[in-house]
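Enquirer: test case, fold it:
(chains A and B)
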Amino acid sequence: MLKRLQASNWYSALQMGLLGGIIAILVSLVGMVEEFSLRDIVFNVIDMGQTILLMILVLIGNFTYRRSQSARSLNKWLEAALAGAVVGLMLWLLVLLIPALNMRAVFLNASPRLIQILTFGNEGVIALVLMLVVGGIGSLAGAVIQTLPSRYSNAIFQGIIWVALIGLLQELLQVILTTLGAHGATNWLFGDKGLSVVGAVVIFGVVLALTLYRSGNRTTLQARIKALPPASQWAIRWISFAVAIPLVWILPTILTTYPTDVANSVGLYILMGLGLNIVVGFAGLLDLGYVAFFAIGAYVMGVLTTTATGPNAGQIVWGPQFTFWEALPISVFAAVMAGVFLGIPVLNIRGDYLAIVTLGFGEIIRIMAGSDFLKPYIGGSQGIVEVGVGQIGPMFFNSPRTLFYLIFLCILLAFFISTRLRDSRIGRAWKALREDEDVAQAMGIHLVSTKLMAFATGAAMAGLSGAIFASKIGSIYPHSFKLLVSINVLALIIVGGMGSIPGVFVGGLLVFGLPELLREFSEYRLLVYGALLVVMMLTKPEGFMPEATRQQELHDAMSEGGAAPPESAPKLAKSPAKSGS
Amino acid sequence: MNNSILKIQKVTKVFGGLVAVNKLDLELAEHGIHSVIGPNGAGKTTLFNCITGFYKPESGDIIFGDHLLVGMLPNRITYLGISRTYQNIRLFSNLTAIENILVGQHPRLRAGMVDAIFKTPRMIKEEKEALEEARRLLNFVNLKGKGDLLSKNLPYGDQRRLEIARALASKPKILLLDEPTAGMNPSETQAMVHFIRRLRDELGITILLIEHQMRVVMSISEFITVLDFGEKIAEGTAAEIQNNPKVIEAYLGRGAASGLSQKQAAAAA
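Expert: So this is what the prediction gives:
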């Protein structure tokens, strides 16, 4: 009997349902559902807690449908619905068991409010039926998405993401729109919390239409610009600059203080991410001690610019009291030197071993920063206070607004350097190194200097980020440079897409920007990170914005006006070797 | 033998207790096609790895022009003009075909970090030429139009030829081919033989070849060296090798050689 059941397709649906049920119960009991339900996505219709449960249902339905061996699609749908219903059933059992076992004594979050959310405020049989039906429908939706052509499912997916994102960031966006003077728009777009129903429908519709239009039009905007004559391309470039500069200038004003501050923190992480992307993404050198270079940049900036020097407590014995601008290049240089010094001994180490050595290096730097031995010079656990602030004329780089400009410029510089290096001989050597070190060497690539260049460039960007960080915070302590920083930056790159420069920005906004803006996240941040990384690795290992391959053979030939094929081509085409293809 | 381009003198390579290559002497004639054959484990690939600098022989000299290659780093040896392919294809699989060839041109290009960041005119010119050269090589190996595909997505035969194109990109004087026809069907093999001849005839490259398919070896090689257990047991032209009893013994076993020569003797009689 059991064997027959195991052989049937319903069995795997049941398994998926059980899995989903366990995840849903976990999410409920750790308090995420309740905490997140405070934030509405669409006012009075759906909140974020419900969205999380719904997401689980959709994913379970989707997986069940895809894994199903059934021949008929109707059966597949039914299986998906069954899996969803099982999730509903398990949550219903949870609702029954919470009061029966007095679970609240152990699970603080198993509150009456949780029960109310899960049962939609109903009791008894009605609750059960409702939960089964909602579970089934949610999973069925996940299955239906799978059956649609990818063009439509992708568009729907995009629409839902944008609605969720805009709904979540309602407070911030409303403030921005109000400062821009668009009161009317905010009134119909947003409710008291989250989007209004009309707003949600409009946003969903617009995104859906745009995505469909874009996927229908095969030529991208970029390709169309490339097709224009060079003079127009220059014009477009300069016009976009002319629009972008004032936009960046007023951005901090629009964003208001707190979001600007968040943007600055995210910016510093993006700056580090751009550097680590060169080391890990391009050259494939897994560096888990990346925070060390950030720390060195910060400490050099701190020691060189602090005004708190002297024999008293909280002061360091020596400090030249340089200005910010004098100290900045020295900080970057110190980080580069540290990169080279770390690089030389570890260059013959590969893969996992390199990760462990760099991990150790990062910890050594952090522990040294907190040591009593170096306390007179770099402050030990009391850190360094009164770090210098940059100044240009009357402008001091100590407010979120001015720092925003500084960080923006630094990111722009790092972005520019990254892009240029990626498309050069060195970038290719890095990628070759990532793919196969031995063969890269056999291609004439000097391993030591190529790796050192990657380490040094990455370290420079982290050092720059650290120096600005020190000046921004005004005081530095060893605990700011924990291992977690290295791991976070690595997570940023993985989420964005290894080796993808735009991916660094996407990753930075997703991994740091969003959690900063959603206070509810803070408690569950690591849990969500972990889940996000696991799901990413399983479903989209290449990242949200994977590295694009360059079209070099055909594209560049076109832009050269259909450059004539090399003269040897016609002769060779007739050769007998052709039959080998 | 006319003027030799590469001299291998008494090279010995030991792994633990195993002598992989034992006091091997080998001379490569310029513009020649030279094959190294031998049963599995005879030390052919080890020899390649010694020449290209991946292994450092315990004793012996490898002389290329004025340079002593023993102890030199592989990248330096490539730079001097020796380039190779691998028995199991080792392309940069996540790079496009054209990028693979561009990487192959690495030792010929000069642009450094500063050139790359500021896009100096020198670098722009160099990149343009490199790209043209890469397209030309793509054409040469009949991969026109496939340059923008990731190399891992190319069919097997294309990968083989792309690997050769990548090796050619450094403009080598000597090309080491490690079983270029492995896993190919007869018509593909035939095309590869033609192709190897063209490399020599059109580009003037000296070729050192490891090959298992006797038909290929015998039809293409001007000189053959036979290895067994790391030692050279015979060398000479195809005809000389075919009738060498030591070679037959190495391939077919002791009894076979005497049996065969008896049969030959009987046939002659």
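Enquirer: how near is A:I126 to A:S424?
Expert: Counting by C-beta to C-beta, to the nearest Å, the separation of A:I126 from A:S424 is 67 Å. Quick note: C-beta positions are derived from backbone N, CA and C, even for glycine.
Enquirer: average pLDDT for stretch A:113-131?
Expert: Averaging pLDDT along stretch A:113-131 yields 87.
Enquirer: circling back: A:I126 and A:S424: who's more crowded?
Expert: A:S424 (22 against 12; other C-beta atoms under 10 Å in any protein chain shown).
Enquirer: A:L328 and A:A467 touch, don't they?
Expert: Yes. The pair A:L328 and A:A467 passes the contact test of C-beta atoms under 8 Å, sitting 5.5 Å apart.
Enquirer: how many residues are close by the residue lying closest to A:G284 once chain neighbours are set aside?
Expert: Distances taken as C-beta to C-beta, 6 or more residues apart in numbering or on different chains place A:R434 nearest to A:G284, at 3.0 Å, with adjacent residues excluded. By other C-beta under 10 Å, the residues close to A:R434 number 21.
Enquirer: and if you look at the one 10 residues further on?
Expert: As a burial measure, the neighbour count of A:G444 was computed by other C-beta under 10 Å and equals 25.
Enquirer: ok, back up a step: between A:L328 and A:A467, what contacts are shared?
Expert: Taking C-beta atoms under 8 Å, 6 or more residues apart in numbering or on different chains as the criterion, A:L328 and A:A467 both touch A:M301.
Enquirer: those two: who's more crowded?
Expert: The neighbour comparison of A:L328 against A:A467 (other C-beta under 10 Å) goes to A:A467, with 32 against 25.
Enquirer: put the alpha carbons of stretch A:445-455 into CSV.
Expert: Taking Å, rounded to 0.1, in the frame of the first residue of the first chain, the C-alpha atoms of stretch A:445-455 are listed here in CSV:
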residue,chain,number,x,y,z
ILE,A,445,49.9,35.2,-18.4
HIS,A,446,52.3,36.1,-15.6
LEU,A,447,50.4,34.7,-12.6
VAL,A,448,52.0,36.7,-9.8
SER,A,449,51.7,40.2,-11.3
THR,A,450,48.2,39.5,-12.6
LYS,A,451,47.0,38.4,-9.3
LEU,A,452,48.8,41.2,-7.5
MET,A,453,47.1,43.7,-9.8
ALA,A,454,43.7,42.2,-8.9
PHE,A,455,44.5,42.3,-5.2
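Enquirer: okay, now residue 166: neighbour count?
Expert: Assuming you mean chain A. Neighbours around A:I166, by other C-beta under 10 Å: 21.
Enquirer: you looked at the wrong chain, it should be chain B
Expert: Neighbour count for B:R166, taken as other C-beta under 10 Å: 29.
Enquirer: any low-confidence regions in the chain?
Expert: With no chain named, the answer covers chain A. Where chain A drops to pLDDT under 70, the residues are A:1-2, A:4-7, A:217-222, A:519-520, A:554-581.
Enquirer: please go with chain B instead
Expert: For chain B, the stretches with pLDDT under 70 are B:1-2, B:254-269.
Enquirer: could I get the full set of helices for it?
Expert: Taking DSSP state H, the helices of chain B run over residues B:44-51, B:74-80, B:97-104, B:113-118, B:121-140, B:156-168, B:186-203, B:214-220, B:238-242, B:245-252, B:254-268.
Enquirer: sounds good, over and out.
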